[in-house]
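Visitor: sequence? don't have it. structure:
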């Protein structure tokens, strides 16, 4: 059960300021949703999730189903108790991960990537590593090699056991290389599955329908209208965004303009810093992205002066070594440590270094969106 | 500059209760000294070092010299400021690491290991990977392949730049497989180096002399008497302890009984839980050991019911999965998390799991020694 209220609509763009009430607290939107794939934000403790300013996190149904299994999570009283997470939570339906094992792996493509003509996915194609049927997907567990079937019913039941505040409908996430014909056929399935998800769900968790349709305007609009016509509590915008980022904002707007204004919209798996203001101006309320923790684990920190790579030796010498990561940041890492010490930890392969950078980056992303909220409030964007 | 005061001497053993005053605070002894090899306790933040109850930590001169170099540390104002460490600190002289690169690596031996007859180190032997001379050791940096020379002068100068409260004299740490003749000759060198360390040191850091002598009683007693005759602020007990642990306590007592009562004694690199009470009863005041963090990174937790291995699937099921790691522990990991969740993190290779276990284990070791202090206070041991 969630309640969403739009507090202010921008006059300059589709941006909105809102508040999303969930059983585990309120979320100010627009909001960055850090990824806690396996029931933790990588390297952070549950207290640090909160102190890094995270308002909501998203865990992953596919991974949690395989490890440790939703039974254990349910037996603990749901994911909040299992992981001691104190902020509202979402779970992804598992669709993206399941399909990534298929065409995504076959063709080495991700959500935003250029089409290579030789890898076009045509109607009737099947990926190598999994079997897509009308009812779902059969794949092999990477944990124990067992055969697993996941479709809309299975996904909803698993998500009910996990027990996040917001759950997502199971969809086929089409690859950037899919033809219009393939995408149209896939969309029919995604829509049929959406209705099965609505019918299957027995809990009072909020359920979001996922808009797909690839890079095809007619399909995106059709999908948004379909989802808007169903009794969903909110909407996810999934799939690929046009082969390159310049198309992304335009494509998001095709969708948001068809969706009801009084329900929240979540953009799945997109949230580079340089994208944030754009996607928010396109009418997105929440969005998730692994960038802050992923980059941290590779020694990179986001700062008000740009991204810095602490694997470089220049941070070990002279004046720069004594500077904080970001003089404008008020997180404990910037308060307590210098670039020199952090670069030392990174170069010495100390886990502490990765944890400190992860904390800073998540804090930075959360603060960054906070600044965008202020801009909307002030009528600047 | 340190000040050491014995507050109580046991009537039942050589155990003593004391307080060690340093420029960065007071340490209640006996005290476990967690290892912060590269200027961090592995996986912990500097605040967590304190909240895990650590009273003092020990960093490593050899590793810090190679990475990031003492110059950077000095330019930050010393290791406390460099690493934002808020408790008193020691540095190891680097002797053990340098010599581990030699015979230790050649023969695959550590401090406590059975002698293999075919690997006896005789007088005049030289290890393969380094060159031991009268003035020190020449070895190759594992960081950049450069040739590095380290002897007593070099070690003291590096330790002065690092700036810990307590620094250690540079010694040759003989391997368990060294003959008496080799050990006797090595000891002369260690003693000569001790005098060079005293003469070299210009700061008011406390300097400990290191007692060596291998498993040979005459040499241990000779070494202890030699160190006791010099103006050291305290003493380290180094080297090997007799090929097996049953000999260890006896050998420590040979040494402590020769050392002045009013100065602190640090046992180097020993501190399994099952050893602690024994070494304390043998008259040791402080001791360092990597066990809590090392085991944590392999998924093991120390608890009042024994060591548990969270890589096992049994922690993912039933009643046991819902128990805290240790119901008798008051650390935040035991307060916030279950065995099931921690086992999930460990099995899912989440760094968060290793950090949480490291915190718990360090906290557990610190608390364990706290209980031993209470026993001495009550006259029980």
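Guide: Perfect, I can see it now. This structure is a prediction, so every number in the text was calculated from the model and none was measured.
Visitor: low-scoring stretches of the stretch 151-300 of chain A, by residue?
Guide: Flagging of the stretch 151-300 of chain A using pLDDT under 70 yields the residue ranges A:242-243.
Visitor: Please enumerate the helices of it.
Guide: In the stretch 151-300 of chain A, the helices defined using DSSP state H, counting those that start in this stretch lie at A:152-162, A:180-200, A:217-228, A:245-256, A:273-281, A:291-297.
Visitor: Tell me which of these lies nearest to chain B.
Guide: With CB to the nearest CB as the measure, helix A:291-297 is the member of those nearest chain B (8.1 Å). The way it works is simple: take the backbone N, C-alpha and C, and place the C-beta from them, glycine included.
Visitor: buried set for that closest one?
Guide: Within helix A:291-297, the residues that count as buried by 16 or more other CB atoms under 10 Å in any protein chain shown are A:291-293, A:295-297.
Visitor: Let's have those in CSV, adding distance to residue B:271.
Guide: Output for the buried residues of helix A:291-297, formatted as CSV (distance: CB to CB, whole Å):
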residue, distance to residue B:271
A:291, 41
A:292, 37
A:293, 34
A:295, 37
A:296, 32
A:297, 31
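Visitor: circling back to that earlier point, switch the helices of the stretch 151-300 of chain A over to JSON lines; also include distance to residue A:40.
Guide: Listed next are these as JSON lines, based on distance: least, CB to CB, whole Å:
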{"stretch": "helix A:152-162", "distance to residue A:40": "14"}
{"stretch": "helix A:180-200", "distance to residue A:40": "26"}
{"stretch": "helix A:217-228", "distance to residue A:40": "31"}
{"stretch": "helix A:245-256", "distance to residue A:40": "29"}
{"stretch": "helix A:273-281", "distance to residue A:40": "23"}
{"stretch": "helix A:291-297", "distance to residue A:40": "10"}
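Visitor: can I get those helices in CSV with distance to chain B?
Guide: Below are these laid out as CSV (distance: least, CB to the nearest CB, whole Å):
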stretch, distance to chain B
helix A:152-162, 13
helix A:180-200, 26
helix A:217-228, 32
helix A:245-256, 30
helix A:273-281, 23
helix A:291-297, 8
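Visitor: In the stretch 51-200 of chain A, which residue sits closest to chain B?
Guide: Among residues of the stretch 51-200 of chain A, the one nearest chain B by CB to the nearest CB turns out to be residue A:68. It sits 4.1 Å away.
Visitor: Can you get me a residue count around that residue?
Guide: Other residues near residue A:68 number 27, with proximity taken as other CB atoms under 10 Å in any protein chain shown.
Visitor: who in the stretch 51-200 of chain A is up against chain B?
Guide: Contact residues (CB under 8 Å from any CB of the partner chain) of the stretch 51-200 of chain A with chain B: A:63, A:67-69, A:72, A:75-76, A:82-84.
Visitor: In contact with the residue nearest the centre of chain A, which residues?
Guide: Central residue of chain A (CA atoms, centre = their mean): residue A:288, 2.9 Å from the mean position. By CB atoms under 8 Å, 6 or more residues apart in numbering or on different chains, residue A:288 lies in contact with A:32-35, A:58, A:90, A:266-269, A:271.
Visitor: Residue numbers of the stretch 201-350 of chain A in contact with chain B?
Guide: Contacts of the stretch 201-350 of chain A with chain B, taken as CB under 8 Å from any CB, map to A:316-317, A:321-322, A:332, A:336-338, A:340-341, A:343-345, A:347-348, A:350.
Visitor: Now the buried members of these.
Guide: The neighbour count (16+ other CB under 10 Å) marks A:316, A:321-322, A:332, A:336-338, A:340-341, A:343-345, A:347-348, A:350 as buried among those.
Visitor: just the residues you listed now: which is nearest residue A:229?
Guide: Of all these, the one with the least separation from residue A:229 (CB to CB) is residue A:332, at 47.6 Å.
Visitor: Thought residue A:324 was touching that closest one, still the case?
Guide: No. Counting by CB atoms under 8 Å, no contact exists between residue A:332 and residue A:324, whose distance comes to 10.9 Å.
Visitor: Pull the number of nearby residues for residue A:313.
Guide: Burial of residue A:313 is recorded as 9 neighbouring residues (other CB under 10 Å).
Visitor: List the residues that contact it.
Guide: With contacts defined as CB under 8 Å, 6+ apart, residue A:313 is in contact with A:343, A:347.
Visitor: Got the phi and psi for it?
Guide: Backbone torsions for residue A:313, taken as degrees, to the nearest 10, come to phi -70, psi -20.
Visitor: how far away is it from residue A:334?
Guide: Here the criterion is CB to CB, to the nearest Å. By it, residue A:313 lies 21 Å from residue A:334.
Visitor: before we move on, the earlier item: ok but the residue of the stretch 51-200 of chain A closest to chain B is inside a strand, no?
Guide: No. With DSSP: H, G, I helix; E, B strand; the rest coil as the criterion, residue A:68 is located in coil rather than a strand.
Visitor: nearest spatial neighbour of it, skipping sequence neighbours?
Guide: Nearest residue to residue A:68, sequence neighbours excluded (CB to CB, 6 or more residues apart in numbering or on different chains): residue B:344, at 4.1 Å.
Visitor: Check the buried residues of helix A:291-297 and tell me the two furthest apart.
Guide: Using CB to CB, the buried residues of helix A:291-297 span at most 11.0 Å, a distance reached by A:291 and A:297.
Visitor: Can you give me the neighbour number for residue A:311?
Guide: By the criterion of other CB under 10 Å, residue A:311 has 11 neighbours.
Visitor: that older thread, among the contacts of residue A:288, which ones are in strands?
Guide: Among the contacts of residue A:288, the subset assigned to strands under DSSP state E consists of A:32-34, A:58, A:90, A:266-267.
Visitor: which residues of the stretch 51-200 of chain A fall in strands?
Guide: A:57-60, A:89-92, A:131-132, A:137-140, A:147-150, A:166-168 (DSSP state E, counting those that start in this stretch).
Visitor: what lines up beside the third one in the sheet?
Guide: Yep, that's strand A:131-132 we're talking about. Listed by DSSP bridges, the sheet partners of strand A:131-132 and their directions read strand A:137-140 (antiparallel).
Visitor: Report the buried residues of the strand it pairs with.
Guide: Judged by neighbour count using 16+ other CB under 10 Å, the buried positions of strand A:137-140 are A:137, A:139.
Visitor: Now do that strand, average pLDDT.
Guide: Strand A:137-140 comes out with an average pLDDT of 87.
Visitor: Residues touching it, excluding its own?
Guide: Applying CB under 8 Å, 6+ apart, the contact partners of strand A:137-140 are A:98-99, A:101-102, A:129-131, A:146-151.
Visitor: Let's see that with 6 Å instead.
Guide: Here strand A:137-140 makes contact (CB atoms under 6 Å, 6 or more residues apart in numbering or on different chains) with A:98, A:101, A:130-131, A:148-150.
Visitor: How about stretch A:39-50?
Guide: Residues beyond stretch A:39-50 that count as contacts (CB under 6 Å, 6+ apart) turn out to be A:34, A:59, A:83-86, A:293, A:354-355, A:358-359, B:350-352.
Visitor: just stretch A:349-361 next, same as before
Guide: Contact with stretch A:349-361 is made by A:43, A:48, A:52, A:292-293, A:296-297, A:301-302, A:325, A:331, A:333, A:345-346, B:38, B:40, B:43, B:351, as judged by CB under 6 Å, 6+ apart.
Visitor: cool, stretch A:76-87 as well?
Guide: A:39, A:46, A:50, A:54-56, A:73, A:162-164, B:336-337, B:341.
Visitor: pLDDT on that stretch, on average?
Guide: 98.
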